[in-house]
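Participant: no FASTA, just this:
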C-alpha cells in the first residue's frame, strides 16, 4: 500500500465523517463482490477492483465503520433442513409507540421468524416465518396473533415458492455483462440434507459472521481449520448453504427501498420464465420471489427518488399489460431482524 493510496483514502474518510456518506465506483464494486460472496478475501477483492490487498481491506473496514456494511450473514436453504418459508404481513390498529416496540421485539426474538421489516402502506410490518408443516405453521401464526391481540387488525399469509432474482446491488453499479439467470433446479429441492451436530454448530457460527476467519470458526466448533473448511464446502455442495452475503444498509446512502406485491393473471411456468427474464433486465429490482396466496410476486426495488420508482412501476405495468390484475407497494422503513439460521432451526 503506497503513501498516496493511504493519504487519498484517509482524506476520503475524513470527508465521509463530516458529511453524508459518499462512495465511489471502487467501493460499489467491493460491495457487490462481498454481496456475491462475503467470504471473498481482501486479496481477491483487490485483484478484481485493481487495488492492493491493503487498500481493499482498508476500504472494507471503512464501509463497516460508516454503517453501510452492517454485517455478514450465511444464507441457509430452508427446504434442505425440512422447513418451508412464508411471508406474513401484519396490519396494526389502535397501537401506541410502545405497542409497536413490544410487537417488533417479540418478532425479533421469535425462534421461527427470519425477517422483520417496519414499513409504510397497507401493512405496518412484513415478516418471513418458517415452519416444519401446516400444524407447526398454525401454532406460529396463533402465537403471533394472540401476542398482538387487539393491536392486530388483520394479517395476510403467502407461501414462498421459489427465488426469482437473488438479492443484489446491481442498481448501484451495473455489471459489465448482463446478469445471468440461474438454471431452474427443482428436482432435489425438497430433499432434506443429512447434517450432524458439528454442521449445526458450523452454521450457527457462520450465521452471525459469514466473513469470520476459518481458524476462529474452527475453534468455536472444535475442529481443525482444514476439517472446518471441508465441512463448509460440503454444505455448499449439498445446497444447504446457498450464499455468504453482505447486509448493506442503503439508508446510509439515502436510497429508497420499496416492497412491491403483484397479482398476475394467466400465470404459468412459461410466463414465469418470461417475467423472471424481464426482472433480471432491471438493475433496480434488487430481489424477487414467486409466492402463492393473495399475491403471485414479491419484489424489492431500490432507487434514488419516488419519480424513479414510478418510472420502474410503469415499465412493470407495460410489460405485464392486461395480465396485471392488481398490485400494492410499501416504503421499507427499517429492518429489525434478518437471520437465515434461526434458533428454531438449531
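Facilitator: Cool, got the structure. Keep in mind the model is a prediction, meaning the values are calculated, not measured.

Participant: for residue 134, which residues are in contact?
Facilitator: Going by Cβ atoms under 8 Å, 6 or more residues apart in numbering, residue 134 touches no other residue. Heads up, the C-betas are built off the backbone N, CA and C, glycines and all.

Participant: and residue 286, what does it touch?
Facilitator: With Cβ under 8 Å, 6+ apart, residue 286 has these contacts: 165, 167, 168, 169, 170, 171, 257, 300, 301, 302.

Participant: where's it relative to residue 338, distance?
Facilitator: Counting by Cβ to Cβ, to the nearest Å, the gap from residue 286 to residue 338 is 14 Å.

Participant: all helices for the chain, in order.
Facilitator: 3-18, 25-36, 42-49, 53-65, 97-109, 134-148, 197-208, 214-221, 225-237, 269-280, 306-320 (DSSP state H).

Participant: for residue 90, find the nearest of those helices.
Facilitator: helix 134-148 (7.0 Å; Cβ to Cβ).

Participant: next, the angle helix 97-109 makes with the closest one.
Facilitator: Angle between the axes of helix 134-148 and helix 97-109 is 160 degrees (criterion: axes from the mean of the first three to the mean of the last three Cα atoms, to 10 degrees).

Participant: closest one to residue 216 out of the contacts of residue 286, please.
Facilitator: The closest of these to residue 216 turns out to be residue 167 (Cβ to Cβ; 25.5 Å).

Participant: and the closest one, how many neighbours?
Facilitator: Counted by other Cβ atoms under 10 Å, the residues lying close to residue 167 total 16.

Participant: so the residue lying closest to it once chain neighbours are set aside bridges to which residues?
Facilitator: Spatial nearest neighbour of residue 167, chain neighbours left out: residue 287 (4.6 Å); criterion: Cβ to Cβ, 6 or more residues apart in numbering. Note on residue 287: beta-bridge partners by DSSP bridges are residue 300.

Participant: and for the one 4 residues further on?
Facilitator: Note on residue 291: beta-bridge partners residue 160, judged by DSSP bridges.

Participant: gap between it and residue 235?
Facilitator: For residue 291, the distance to residue 235 - Cβ to Cβ - is 26 Å.

Participant: ditto for residue 289
Facilitator: Distance from residue 289 to residue 235, by Cβ to Cβ: 22 Å.

Participant: the two: who's more crowded?
Facilitator: Neighbour tally, residue 289 and residue 235, criterion other Cβ under 10 Å: the higher count belongs to residue 235, 22 against 19.

Participant: mind showing which ranges of the chain have poor pLDDT?
Facilitator: Applying pLDDT under 70 to the chain flags the ranges 1-20, 175-190.

Participant: and if we set it to 80?
Facilitator: 1-21, 173-190 (pLDDT under 80).

Participant: which one of the helices of the chain lies nearest to residue 83?
Facilitator: helix 134-148 (8.9 Å).

Participant: buried subset of the contacts of residue 286 as a PyMOL selection?
Facilitator: Applying 16 or more other Cβ atoms under 10 Å to these, the buried members can be selected in PyMOL as follows:
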select buried, resi 165+167+168+169+170+171+257+300+301+302
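
Participant: thanks a lot, see you next time.
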